[in-house]
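Asker: Can you look at this prediction? I've put the sequence above it.
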Amino acid sequence: AVGSDFAPLLRTVREHGLLERRTGWYVRVITANLLALAAVVTALVLIGPSWWALTLTLPLAVVSARTAFIFHDAGHAQIGKGRHTGRVLQLFHGNLLLGMSRGWWNDKHNRHHANPNHVDKDPDVGSDVLVFCKDAASGRTGFRGWLTRHQAWLFIPLTTLEAFALKVRGFRDVFSRSRVGGPADRGRMRDRVIEGGLLVVHAAGYTTLLLTVLTPVQACVFALLHHMLLGLHMGMAFAPSHKGMEMPGTDSEERWGHLQRQVLTSRNVRGGVLSDWLFGGLNYQIEHHLFPSMPRPHLRLAGPLVRAHCRRMGLPYTETGLVDSYRQALGHLHEVGGELRAAASAGTG
């Protein structure tokens with residue numbers, strides 16, 4: 001019965017043509033982004049070995065984030081119908097331009113979409129540097145305990161490391177997989193070689209460009225600032241999506257259908273064209289999770305249909321302003337660390 005809750009909405013969305021591809025729109029977006037990237041690189045070459053070149057780290061971070069959003073959309077088959085098109089676009093924008101592994105990211109992100117905010121199945125809420133549920137926080141001691149107690153305050157500074165983490169994890173995944181025989185494994189090995197080759201080309205090209213144009217010290221500072229700003233941008237775009245929303249476990253999994261699983265764990269962020277651009281469409285997180293292959297420009301159009309359907313089903317549809325979305329997300333992180341802070345205060349007392 002719960003599965004049928006989604007069927008009428010899917011039918012309505014299809015009737016409105018919102019699942020149809022917008023290839024022309026994406027061609028314009030990709031072209032504009034590549035031109036912007038070329039403009040930043042040209043400006044860097046023209047400025048040369050000067051500390052003024054560091055002013056380009058901000059526009060380069062913004063362009064890199066646009067590249068990441070295209071990489072994301074291609075992974076969801078939003079741009080082209082064939083798998084080959086999405087694969088090529090991802091390899092170009094992710095492995096080559098960003099230095100991010102397509103295979104590693106797709107595996108992680110697909111598991112997130114299948115079970116968003118699930119305490120056992122969603123890798124994005126697994127206990128690592130940050131902790132998102134109280135049960136996982138209770139056993140943390142030492143430095144990890146200190147991180148959890150203060151994670152709400154540390155969240156924004158920690159996002160500056162996100163771009164580095166994505167690159168390191170991708171490189172580690174591509175270059176650490178064991179070689180095994182068999183036709184299927186040979187196909188995976190071929191993908192690994194292609195991915196690894198593009199990652200090496202990215203690293204070599206990025207390093208060569210900076211060391212050719214800038215002094216070694218300037219190049220190091222430029223790379224550090226670029227990746228910190230990129231991590232901050234991506235972290236701030238992803239943070240409002242699920243943090244502080246429902247976190248299902250095994251019990252709720254049995255009674256939630258696709259509609260409930262995606263709507264109750266996601267939060268939309270209100271805004272206009274600027275918000276859509278800055279968030280890469282991820283501010284329509286509910287619509288994106290319900291219809292992952294829906295082209296980005298259609299997410300806004302699907303919003304009223306999804307909202308009305310949720311109202312008919314008596315299902316909460318969470319939508320908030322930008323500032324309040326961060327308040328809720330950071331408030332959740334602060335609440336998770338509450339027991340550890342209380343225990344630390346009691347121990348001090």
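Answerer: Now that the structure is in, tell me what you want to look at.
Asker: so is Ser293 in a helix, a strand, or just coil?
Answerer: Counting by DSSP: H, G, I helix; E, B strand; the rest coil, the backbone at Ser293 sits in coil.
Asker: Quick check: closest non-adjacent residue to it.
Answerer: If the residues on either side of it in the chain are set aside, Ser293 comes closest to Ala77, at 4.9 Å by C-beta to C-beta, 6 or more residues apart in numbering. (C-beta placed from N, C-alpha, C; glycine too.)
Asker: That neighbour and Thr55: what is the separation?
Answerer: Between Ala77 and Thr55 the computed distance is 37 Å (C-beta to C-beta, to the nearest Å).
Asker: more crowded one of these two?
Answerer: Counting neighbours by other C-beta atoms under 10 Å for Ala77 and for Thr55 shows that Ala77 has the greater number, 17 against 13.
Asker: Surely that one is in contact with Arg83?
Answerer: Yes: contact status for Ala77 versus Arg83: in contact at 7.2 Å, counting by C-beta atoms under 8 Å.
Asker: show me where pLDDT drops low in this structure?
Answerer: 1-3, 177-187, 250-254, 347-349 (pLDDT under 70).
Asker: In it, which helix is the longest?
Answerer: helix 183-213 (DSSP state H).
Asker: by how many degrees do the following helix or strand past that one and helix 183-213 diverge?
Answerer: Going down the chain from helix 183-213, the next helix or strand is helix 216-242, by DSSP states H and E. Interaxial angle, helix 216-242 versus helix 183-213 (axes from the mean of the first three to the mean of the last three C-alpha atoms, to 10 degrees): 130 degrees.
Asker: And helix 216-242, what does it pack against?
Answerer: If contacts are counted by 3 or more C-beta pairs under 8 Å, 6 or more residues apart in numbering; DSSP states H and E, helix 216-242 sits against helix 57-75, helix 151-159, helix 162-176, helix 183-213, helix 285-290, helix 322-336.
Asker: what's the angle from the second one to helix 322-336?
Answerer: Using the same axes, to 10 degrees, the interaxial angle of helix 151-159 with respect to helix 322-336 works out to 120 degrees.
Asker: Quick one: residues in contact with helix 151-159.
Answerer: 129-131, 147, 231-232, 234-236, 239, 329-331, 333-334, 336-337 (C-beta atoms under 8 Å, 6 or more residues apart in numbering).
Asker: Relative to Arg22, how far out is Gln262?
Answerer: Gln262 sits 22 Å away from Arg22, going by C-beta to C-beta.
Asker: Thr215 now?
Answerer: From Thr215 to Arg22 the distance is 44 Å (C-beta to C-beta).
Asker: What's the local residue count around the residue nearest to Met228 when sequence neighbours are not counted?
Answerer: Nearest residue to Met228 in three dimensions, chain neighbours excluded: Thr160, at 4.0 Å (C-beta to C-beta, 6+ apart). If you count neighbours by other C-beta under 10 Å, Thr160 ends up with 18.
Asker: from what I can see Thr160 touches Met236, true?
Answerer: No: assessed by C-beta under 8 Å, Thr160 is found out of contact with Met236, at 10.5 Å.
Asker: Backbone dihedrals for the residue nearest to Met228, both of them.
Answerer: Dihedral pair for Thr160: phi -70, psi -10, per degrees, to the nearest 10.
Asker: residue contacts, the most centrally placed residue in the chain?
Answerer: The centre of the chain sits closest to Phe238, judged by C-alpha atoms, centre = their mean, with a distance of 5.5 Å. Counting by C-beta under 8 Å, 6+ apart, Phe238 makes contact with Leu282.
Asker: so how many other residues sit close to Met294?
Answerer: Met294, neighbours per other C-beta under 10 Å, totals 24.
Asker: returning to that earlier point: so which of the helices and strands packed on helix 216-242 is the most surrounded?
Answerer: For the helices and strands packed on helix 216-242, the largest average neighbour count (mean count of other C-beta atoms under 10 Å) is found in helix 285-290, namely a mean of 24.
Asker: Show me what that one is in contact with.
Answerer: 6, 9, 113, 116, 240-242, 258-259, 262-263, 265-269, 281-282, 294, 299, 302-303, 306, 317-319.
Asker: repeat for stretch 223-237
Answerer: 54, 57-58, 60-62, 64-65, 68, 155-156, 158-165, 167, 206, 210, 278-280, 282, 326.
Asker: can you rerun that using 7 Å?
Answerer: Applying C-beta atoms under 7 Å, 6 or more residues apart in numbering, the contact partners of stretch 223-237 are 54, 57-58, 60-62, 64-65, 68, 159-164, 210, 279-280, 282.
Asker: same question, stretch 242-259
Answerer: Contacts of stretch 242-259 (C-beta under 7 Å, 6+ apart): 2-3, 5-6, 116-120, 125, 132-133, 264-267, 315, 318, 328-329, 331-333.
Asker: buried stuff in that stretch?
Answerer: For stretch 242-259, a neighbour-count test (16 or more other C-beta atoms under 10 Å) marks His242, Lys243, Gly244, Met245, Glu246, Met247, Pro248, Trp256, His258, Leu259 as buried.
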